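Novice: what follows is a protein structure lacking sequence information:
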């Protein structure tokens, strides 16, 4: 008898796995709360979600919100397990797993480009609008302003009395919008590109070659 | 003779200096003044006429997600207001007419961990400064809203942090803290040159190898130990010290892998305003395992302690205690509770040491009061030089905490456990607003509220205290008795900070209205109806009816 009762209490393995993943990644902090009871993120418990919707939002996240895409962090099977767990929280039937197109492995080169280059460069619609292309060029100038300030700068755009530049004085580029009339001279600059790790460079190039 | 003339001159100057700690026509800083009093010296609206207060204009930001949590700045008749999603508006403060707006373009994938709100801008020397959700600092031209500079503080994915708090301008630098207390991240505070956006100094809230305090972290835990600086600090011009509150260590609940006191988390740090060098620190909670997050405002007042005038700093901690220290050197003066339900510690002794720590163990569900939402949330207190009282809200609620061991992953959530809210032992969860003598902690009056009060307090020389509640009422209390004198339904809950200012001799009271935030979300666990509370994002402005000329 006791044995039977225990069996009945046992959760399907995917729900069990999902509950563990949920506790670590979704319930944690100020997010969805223990067992989906709500916090900063909405309540997930005792609601009627479409399974496909849960799977999509878990995979892709919600743009411009605090809800991240989990496809880079969870395997497709793990996403299904988390979805099973939320369905279980809603007292629902587990149903057939949604066929998730195996999430394409995010190109490591894209991440590298985003964290190390995108502040100055733009490629494949990623990075600073008007940023430097990755082609050879001679775009960096030593600007001198009316008040005597002088710094190496990459010219991003110019027009309507304004000049937008990247101030390259420090490792982190500063995008500055100057009144063109403020700029008294644009000489040759001594600025040197920081060295790019060859391994990074190879991965970034691999990403650039992707269709 | 000369001395005499000097002292006469000083005497003339004194009221001015004192008044600078209250605001007047302008509301120049996030905390009102550098001393963070949130006190207005204006008296046109006072307890005899507050009942006639009428709305004169309202302004909608159009960004309801996360509510409206900011503090407007007013300088010379122009209001600068920020909203969720990093929108900034310059508004004619007398009429509500928009002068310009600036909508920051956040990337599609923003902070994984932190949410869309922004709590304010800083305005100084013709520039408006804002930190962004993707961890940039921007400066705008105050006249046109044109972007002057924009610099990335650190890539989001690496940092696990961003900027939601208002910056503070001190002389030629703009100082801004970052979130990240619940991430595998090493906290810092940055100062940028106002003109160029270049980094002037950075204070790391966790000492690195070779620095004093590094030994308070076991192993490599210092690399990912949190210590966020997510709110706005204060400044003492005379001492040239910037005071900033440093938040909890990460992981929040799981402390086994970060043995030691974990400096400078849960501490007030005093920094040299010009160099960012540490002058002193006072740690409230060594080795925090409750997420008590010493992050809130530091209020600077000069008051007698045992007959001697002391320069004090008052800081309410999320664990429900108010700490008072000497701001010249960080010496502990006293600590007193604002919440009634506190069980994580039995008490705090005369030296400031915690007595009887109640630390939850891994895997053992433990009742802890208050809840992680705080014995008070971040919404700010006010100090009135007229009553010499300190006005703060507090919350009664508990939680069950289950600690989980966790390995840090750079830039990702690092919390170490889960919690669910629980009612208090007496079954009466709720909120209150109280007036205290800040030195003795003696309570002068209490205003009880059904729900936690999550909006900041405003005090005025008209003997008034203003705040708003989660149901959308904005109301005024008598500063001496706590009696309610006026209330207005704004239609959405209050989570921001009201202010007062004047234009052409007319006094205005402005309040953000707009429900949202993490703590507001938590409320649904104890008060299911709170889930249905309406979002919004509107600034309401009130004044007395204009008298016929």
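Specialist: Structure received. Please read these numbers as outputs of a predicted model, since none were measured by experiment.
Novice: identify the residue spatially nearest to residue 130, adjacent ones excluded.
Specialist: You didn't say which chain, so I picked chain A. Leaving aside its chain neighbours, residue A:130 sits nearest to residue A:156 (4.0 Å; criterion: CB to CB, 6 or more residues apart in numbering or on different chains). In this view, the C-beta of every residue, glycine as well, is placed from N, C-alpha and C.
Novice: try chain B instead
Specialist: Spatial nearest neighbour of residue B:130, excluding adjacent residues (CB to CB, 6+ apart): residue B:121 at 4.7 Å.
Novice: where exactly do the helices run in chain A?
Specialist: Using DSSP state H, the helices of chain A run over A:2-9, A:13-25, A:51-60, A:76-89, A:108-116, A:198-209.
Novice: ok, residue B:45 touching residue B:544?
Specialist: Yes: with contact defined as CB atoms under 8 Å, residue B:45 counts as touching residue B:544 (6.1 Å).
Novice: who's more crowded, these two?
Specialist: More crowded of residue B:45 and residue B:544, by other CB atoms under 10 Å in any protein chain shown: residue B:45, with 27 against 18.
Novice: that one belongs to a strand?
Specialist: No: Residue B:45 sits outside any strand when classified using DSSP: H, G, I helix; E, B strand; the rest coil, being coil.
Novice: any weak-confidence spans in the chain?
Specialist: Unless you meant another one, I'm taking chain A. Within chain A, the set of residues satisfying pLDDT under 70 comprises A:1-10, A:64, A:93-106, A:136-138.
Novice: chain B, not that one
Specialist: Residues of chain B meeting the criterion pLDDT under 70: B:1-19, B:108-114, B:548-549.
Novice: before we move on, back to that, just put the helices of chain A in TSV and tack on mean neighbour count and distance to chain B.
Specialist: Formatted as TSV, those follow (neighbours: other CB atoms under 10 Å in any protein chain shown; distance: least, CB to the nearest CB, whole Å):
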stretch	mean neighbour count	distance to chain B
helix A:2-9	8	19
helix A:13-25	18	6
helix A:51-60	17	10
helix A:76-89	22	13
helix A:108-116	18	4
helix A:198-209	14	14
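Novice: for residue B:441, which of those is the nearest?
Specialist: Across those, residue B:441 has its closest neighbour in helix A:13-25 (39.0 Å, CB to CB).
Novice: the closest one versus helix A:76-89: what angle between them?
Specialist: In terms of direction (axes from the mean of the first three to the mean of the last three CA atoms, to 10 degrees), helix A:13-25 departs from helix A:76-89 by 90 degrees.
Novice: so what does helix A:13-25 touch, helix or strand wise?
Specialist: Using 3 or more CB pairs under 8 Å, 6 or more residues apart in numbering or on different chains; DSSP states H and E, the elements in contact with helix A:13-25 are helix A:76-89.
Novice: now do the helix it packs on and helix A:51-60, the angle between them.
Specialist: Computed by the same axes, to 10 degrees, the angle between helix A:76-89 and helix A:51-60 is 130 degrees.
Novice: quick one: neighbours of residue A:146, just the number.
Specialist: Neighbour tally, residue A:146, other CB under 10 Å: 11.
Novice: quick one: it from chain B, how far?
Specialist: Noted for residue A:146: a distance of 12 Å to chain B, by CB to the nearest CB, to the nearest Å.
Novice: tell me the spacing between that residue and residue B:142.
Specialist: To residue B:142, residue A:146 is 20 Å away according to CB to CB, to the nearest Å.
Novice: quick one on the thing from earlier: which one of the helices of chain A lies closest to residue B:183?
Specialist: Closest among those, using CB to CB: helix A:13-25, at 13.4 Å.
Novice: circling back: looking at the helices of chain A, which is closest to residue B:439?
Specialist: The minimum distance between residue B:439 and the helices of chain A falls on helix A:13-25, with 44.6 Å, by CB to CB.
Novice: where is the longest strand in chain A?
Specialist: strand A:150-159 (DSSP state E).
Novice: in that one, what counts as buried?
Specialist: By 16 or more other CB atoms under 10 Å in any protein chain shown, the buried positions in strand A:150-159 come out as A:151-156.
Novice: of these, closest to residue A:83?
Specialist: Nearest to residue A:83, judged by CB to CB, of the buried residues of strand A:150-159 is residue A:156 at 44.0 Å.
Novice: wait, the residue nearest to residue A:130 sits on residue A:133?
Specialist: No: using CB under 8 Å as the test, residue A:156 is too far from residue A:133 to be in contact (11.8 Å).
Novice: name the residues contacting each of those two.
Specialist: Counting by CB atoms under 8 Å, 6 or more residues apart in numbering or on different chains, residue A:156 and residue A:133 have no shared contacts at all.
Novice: interface residues of the stretch 351-500 of chain B facing chain A?
Specialist: B:372, B:400, B:402, B:404, B:406, B:413, B:415, B:417-421 (CB under 8 Å from any CB of the partner chain).
Novice: which secondary structure element contains the residue nearest to residue B:464 when sequence neighbours are not counted?
Specialist: Leaving aside its chain neighbours, residue B:464 sits nearest to residue B:476 (5.0 Å; criterion: CB to CB, 6+ apart). For residue B:476, the element it lies in under DSSP states H and E is strand B:473-478.
Novice: can you give me the buried ones in that strand?
Specialist: When neighbours are counted by 16+ other CB under 10 Å, the buried residues of strand B:473-478 are found to be B:473-477.
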